[in-house]
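Asks: pasted the sequence and its predicted model underneath.
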Amino acid sequence: MRLVDALGTLASLDAPAFTTREAAARLRVTNAHASVSLARLRAAGLLVRLRRGLWAFRDRIDPLALPEILTAPFPAYVSLQSALYLHGMVSQVPAVTYAVTLARTRRFSTPLGTVSVHHVQPRFFFGYEAAGRAGGRLATPEKAIVDFLYLTPARSGLFRALPELEWPKSFRRSVVRSIVERIEPASRRRSVSLGLEKLLDARRER
């Protein structure tokens with residue numbers, strides 16, 4: 001199959017990203033043959049490889065949807081420093097995109113940017129809204145704060161200190177406290193609650 005024909009066929013795929021197996025099925029070739037064609041399209045700058053066996057057209061990927069594309073079939077949403085920046089609560093642009101996921105904690109380096117995903121338990125996977133062009137999910141300001149405090153004990157040390165916060169008038173203390181009440185175990189809930197109250201006290205003093 002000519003490269004231009006392969007490109008046209010793959011462009012007809014509806015999904016923003018696709019696997020080598022899915023490409024092979026659409027092209028009606030073996031996985032090995034599809035891998036060769038995909039690598040050639042990548043070398044020509046027509047495709048990007050997001051991770052092993054996962055490919056995409058660069059202009060089809062919404063940055064807010066990228067974490068979940070990388071963690072599929074597990075869900076993910078943008079949170080932590082990235083969500084705080086997008087909500088205008090911190091001024092420093094994060095060097096990577098931070099996300100919360102049901103998949104294992106992992107860091108992805110892709111041509112579209114670096115994504116750092118962090119595992120939480122299923123019962124704590126909530127507090128996000130649809131965002132971006134298509135398929136993206138973004139934590140609410142309240143959940144982004146709690147996610148940060150929840151992950152403070154992580155061995156990575158990525159969540160030990162928050163930069164100075166700008167609190168939006170719409171920030172809801174009752175909502176953020178209700179999120180903390182859903183944390184298990186109780187020891188983690190107490191530590192998050194203590195950290196939250198310190199932040200809220202500092203907010204009142206400003």
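Replies: Good, I have the coordinates.
Asks: need the contact partners of stretch 144-159.
Replies: Residues outside stretch 144-159 that contact it (C-beta atoms under 8 Å, 6 or more residues apart in numbering) are 79-81, 83-84, 87, 89, 98, 100, 105, 116, 118, 120, 124, 127, 139, 160, 162, 176, 179-180, 183, 188, 191-192, 195-196, 199. Every residue, glycine included, has its C-beta placed from N, CA and C.
Asks: which among those end up buried?
Replies: Neighbour-count burial (16 or more other C-beta atoms under 10 Å) applied to the contacts of stretch 144-159 gives 79-81, 83-84, 87, 89, 98, 100, 116, 118, 120, 124, 127, 139, 162, 176, 179-180, 183, 188, 192, 195-196.
Asks: who's in contact with the longest strand belonging to the chain?
Replies: If you go by DSSP state E, the chain has its longest strand at strand 113-119. The contact list for strand 113-119 (C-beta under 8 Å, 6+ apart) reads 63, 66-67, 70-71, 76, 80, 95-108, 151, 154, 158.
Asks: let's see 7 Å
Replies: When contacts are defined by C-beta atoms under 7 Å, 6 or more residues apart in numbering, strand 113-119 is touched by residues 66-67, 70-71, 76, 96-108, 151.
Asks: name the strands paired with whichever helix or strand comes after it and say parallel or antiparallel.
Replies: Moving toward the C-terminus from strand 113-119, the next helix or strand (DSSP states H and E) is strand 128-131. Looking at strand 128-131 with DSSP bridges, its partner strands are strand 136-139 (antiparallel).
Asks: what residues does the strand it pairs with touch?
Replies: 62, 64-65, 68, 77-79, 83, 86, 127-131, 147.
Asks: buried ones only from those, please, as a ChimeraX command.
Replies: Selecting the buried subset of the contacts of strand 136-139 in ChimeraX, with 16+ other C-beta under 10 Å as the burial test, is done by:
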select :64,65,68,77,78,79,83,86,127,128,131,147
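Asks: show me which of the contacts of strand 136-139 is closest to residue 166.
Replies: residue 86 (12.6 Å; C-beta to C-beta).
Asks: what's the spacing between the residue lying closest to the closest one once chain neighbours are set aside and residue 50?
Replies: Excluding the flanking residues, the one nearest residue 86 by C-beta to C-beta, 6 or more residues apart in numbering is residue 138, at 6.4 Å. Distance from residue 138 to residue 50, counting by C-beta to C-beta, to the nearest Å: 20 Å.
Asks: check residue 10 too.
Replies: Applying C-beta to C-beta to residue 10 and residue 50 gives a distance of 14 Å.
Asks: ok, residue 23 next?
Replies: Residue 23 is 13 Å from residue 50, by C-beta to C-beta.
Asks: list the buried residues in the longest helix along the chain.
Replies: When the chain is scanned for its longest helix (criterion: DSSP state H), the result is helix 186-205. By 16+ other C-beta under 10 Å, the buried positions in helix 186-205 come out as 188, 192-193, 195-196, 200.
Asks: ok, of the residues you listed, which one's closest to residue 169?
Replies: If you rank the buried residues of helix 186-205 by distance to residue 169 using C-beta to C-beta, residue 200 comes first, at 14.6 Å.
Asks: what sits against that closest one?
Replies: Per C-beta under 7 Å, 6+ apart, neighbours of residue 200: residue 173.
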